[in-house]
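Q: Let's see this in three dimensions:
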Amino acid sequence: MSNKEKETLPKELIKIALVLVLGAIAPMLDSTMVNIALNDFSKDFHTSLDTIQWVITGYVLATGIAVPFSGWLINRFDGKNIYFISQLLFLISSILSGISWNIESLIAFRLIQGFSAGLIIPLLTTLLIQNAGQGNMGKLMSIVGVPIILGPILGPVIGGFLVEYLSWRWIFFVNIPIGIIALYLIHKKLPNFAAANKQVKLDWFGILLLGTLSASFIYGITKAASSSNFNNLKTIEFMAIGILLTIIYVIYAMKYSKKVIMPLNLFRHKNFTASICALFLAGIGTNGPMLLLPLFFQNIRKDTIILAGLSLIPQGLGMLLVRPLIGKMIDTIGAKIVVIFSIVITFIGTMPFLYFSQSTSYWIIGIVLFIRGIGIGGITIPIMTDSYTGLSRSQIPQASIATRIIQNVGGAFGSAILATVVANKMQHVVPSLSNLTSAYQAGFFIALISTTIMFIPALFLTNKLRQA
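A: This is a model prediction of the structure:
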């Protein structure tokens, strides 16, 4: 057999990969399209940013909670059926989100949508590995990576056009044709994937604890927006509940160490602990501003929704530029140096937003966002990769679930904290462009602090140059 024949992927495998990727396009785009419509949610439902942010926060939190369910379901049932049902659930929840009649119903339907999206993305990778094997995964990633790469670039632009010329409801309705085509192709073209282990059990109680304690902390944070400080009685109550549930989880994890969803013995490994801390801080420092940036362009600069979406393209391009280089850099110099340099670049690309105002030139903002995109593009992948260093083979699946949960929980905290800071700053001042600008700058300042603190866990990641 010639080298060319060896390197060419089988047509059947490519077809399966394309069907799986088509199913992931809507969730990938949806997570970035919704950010651009936050202002319209606020106007239509007559509510403030600290409430509206739950449309994003709830979705991200539900995505993280769904991760362990994904692994359990694919072990217990046919992978094709699980992927089909996940797509159907995402399609139904998209329709329901589009017809939401108040903010409470929108948040509820977004929770369902986030949960189904949290099933789809891990299923995509798992089903590809099952069908292709590890040997072909490198070649397939060029196909799989398309929606991941294009999401941050196309999502805000597509969302901007839909909201501007139709309404915010169409950022959900646009998923209908994509979903129907995906469901048809999954049913007709995707092969069956036999259940791997029907006896596997799911840590229901552990997942319930993690989800509830995360929601308690986040809800407590957002209630602080209703007062001038964080001494709000509701804030204290829900923070106390969160702390109590955390203690209960620790006791539970110590007693049932072999069955718990996030075993505490993982934290004995320096790289894993550092990665978990860094991922959580990244949720605040890098993902949190994703909520503020579209609002900055619309509320401070008075841009149209389309222009706000177009203004975010440089950040997506920066992420796109650095992505192909990250893997090689991790292999060569290790995660530590890559993450530290990325933190510095992210800091440089975020700090100017402490001073940007309505009159700042677009080309200056564009350059800064491009730099920021390069920085944040080099943070998550090295951290996730380094979390497995030093772990035994049996611990790797547990670490994979734990890192994905923490990544999403951190992102949810980031949205909640920054939205709360902005809402809190506007609580007892006269509404004006100057005060609103100061409020957004305060939000970016919190993101900057979180990014800076990320230096500490980054110091404990792998340095291959030092080892050499």
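Q: Any idea how far the helix or strand hosting residue 370 is from the middle of the chain?
A: Residue 370 belongs to helix 362-377 when assigned by DSSP states H and E. Remark: helix 362-377 is offset 19 Å from the chain centroid, using CA atoms, centre = their mean, to the nearest Å.
Q: mind listing what's buried in whichever helix or strand comes after it?
A: Remark: after helix 362-377, the chain's next helix or strand is helix 380-386, criterion DSSP H and E. Buried residues in helix 380-386, counted by 16 or more other CB atoms under 10 Å: 380, 381, 382, 383, 384, 385, 386. Just so you know, the C-beta spots here come from the backbone N, C-alpha and C atoms, and that holds for glycine as well.
Q: Contacts for helix 380-386 next, please.
A: Helix 380-386 is contacted from outside by 271, 274-275, 278-279, 282, 286, 323, 326-327, 329-330, 334-336, 338-339, 342, 403, 407, 461-462, using CB atoms under 8 Å, 6 or more residues apart in numbering.
Q: Mind checking which of those are buried?
A: For the contacts of helix 380-386, buried by 16+ other CB under 10 Å: 271, 274-275, 278-279, 282, 286, 323, 326, 329-330, 334-336, 338-339, 342, 403, 407, 461-462.
Q: In helices, which of the contacts of helix 380-386 appear?
A: 271, 274-275, 278-279, 282, 323, 326-327, 329-330, 335-336, 338-339, 342, 403, 407 (DSSP state H).
Q: Need the distance between the two termini of stretch 422-435.
A: 10 Å (CA to CA, to the nearest Å).
Q: Could I get the buried residue list for it?
A: Of all the residues in stretch 422-435, those buried under the rule 16+ other CB under 10 Å are 422, 423, 424, 425, 426, 427.
Q: Need the nearest residue in space to the residue most central in space within the chain, chain neighbours excluded.
A: The centroid of the chain falls nearest to residue 408 when counting by CA atoms, centre = their mean (5.3 Å). Leaving aside its sequence neighbours, residue 408 sits nearest to residue 64 (CB to CB, 6 or more residues apart in numbering; 2.8 Å).
Q: do residue 370 as well
A: Excluding its sequence neighbours, the residue lying closest to residue 370 (CB to CB, 6+ apart) is residue 314, at 4.0 Å.
Q: Next, count neighbours for the one you found.
A: 22 (other CB atoms under 10 Å).
Q: Now the helix or strand where it lies: buried residues?
A: Using DSSP H and E, residue 314 maps to helix 313-333. Neighbour-count burial for helix 313-333, counted by 16+ other CB under 10 Å, picks out 313-320, 322-323, 326, 329-330, 333.
Q: Can you pick out the most distant pair from those?
A: 313 and 333 (29.7 Å; CB to CB).
Q: In terms of helices and strands, where is residue 100?
A: Counting by DSSP H and E, residue 100 is part of no helix or strand.
Q: For it, list the residues it contacts.
A: Applying CB under 8 Å, 6+ apart to residue 100 gives the contacts 106, 109.
Q: Quick check: phi and psi at it.
A: When quoted as degrees, to the nearest 10, the phi and psi of residue 100 stand at phi -50, psi 140.
Q: Quick one: low-confidence residue ranges for this protein.
A: 1-9, 129-149, 196-197, 224-232, 428, 465-468 (pLDDT under 70).
Q: Spell out which residues make up each domain of it.
A: As recorded under automatic domain parsing, the domains making up the chain are 9-199, 204-260, 266-468.
Q: Please give me every residue in contact with residue 299.
A: With contact set as CB under 8 Å, 6+ apart, residue 299 has these partners: 39, 436, 440.
Q: Kindly provide the distance from it to residue 267.
A: 41 Å (CB to CB, to the nearest Å).
Q: same check, this time on residue 295
A: 36 Å.
Q: who's more crowded, these two?
A: Per other CB under 10 Å, whichever of residue 295 and residue 267 has more neighbours is residue 295, with 22 against 12.
Q: distance of the more buried one from residue 156?
A: 12 Å.
Q: Over to residue 244?
A: On the measure of CB to CB, residue 244 and residue 156 end up 39 Å apart.
Q: Show me which of these two is the more surrounded one.
A: Shown here are residue 244 and residue 156; by other CB under 10 Å, residue 156 has more neighbours (31 against 12).
Q: Leaving out the residues flanking it, which one is nearest to the more buried one?
A: residue 309 (3.8 Å).
Q: what residues are up against that neighbour?
A: Here residue 309 is in contact with 36, 156, 157, 158, 159, 160, 161, 294 (CB under 8 Å, 6+ apart).
Q: which SS class is the fourth one?
A: When you say that, I think you mean residue 158. helix (DSSP: H, G, I helix; E, B strand; the rest coil).
Q: pretty sure it is touching residue 26, no?
A: No: contact criterion CB atoms under 8 Å: residue 158 and residue 26 do not qualify, at 11.2 Å.
Q: Looking at these two, which is more packed in?
A: residue 26 (26 against 18).
Q: Residue 96 versus that one, what's the distance?
A: For residue 26, the distance to residue 96 - CB to CB - is 15 Å.
Q: Likewise for residue 56?
A: Where residue 96 is concerned, residue 56 sits at a distance of 17 Å (CB to CB).
Q: Compare those two (neighbour count), which wins?
A: residue 56 (27 against 17).
Q: Could you check what's spatially nearest to that one, not counting adjacent residues?
A: Per CB to CB, 6+ apart, closest to residue 56 is residue 415, 4.8 Å.
Q: Check which helix or strand the one you found maps to.
A: helix 396-425.
Q: following that helix, which helix or strand comes up?
A: Downstream of helix 396-425, the first helix or strand assigned by DSSP H and E is helix 433-453.
Q: List the buried residues in that next one.
A: 436-437, 439-448, 450-453.
Q: ok, back up a step: give me the buried stretch members for the helix holding residue 370, please.
A: 365, 366, 368, 369, 370, 371, 372, 373, 374, 375, 376, 377.
Q: Residue 318 is in contact with the fifth one, correct?
A: Yes: judged on CB under 8 Å, residue 370 makes contact with residue 318 at a distance of 4.5 Å.
Q: which residues are common contacts for these two?
A: Joint contacts of residue 370 and residue 318 (CB under 8 Å, 6+ apart) are residue 349.
Q: roughly how far apart are residue 112 and residue 52?
A: For residue 112 relative to residue 52 (CB to CB), the value is 18 Å.
Q: and if you look at residue 183?
A: 31 Å.
Q: likewise residue 32?
A: From residue 32 to residue 52 the distance is 16 Å (CB to CB).
Q: do residue 259 as well
A: Taking CB to CB, one finds residue 259 at 38 Å from residue 52.
Q: Look at those two and report which has more neighbours.
A: Neighbour totals were compared for residue 259 and residue 52, and residue 52 leads with 24 against 14 (other CB under 10 Å).
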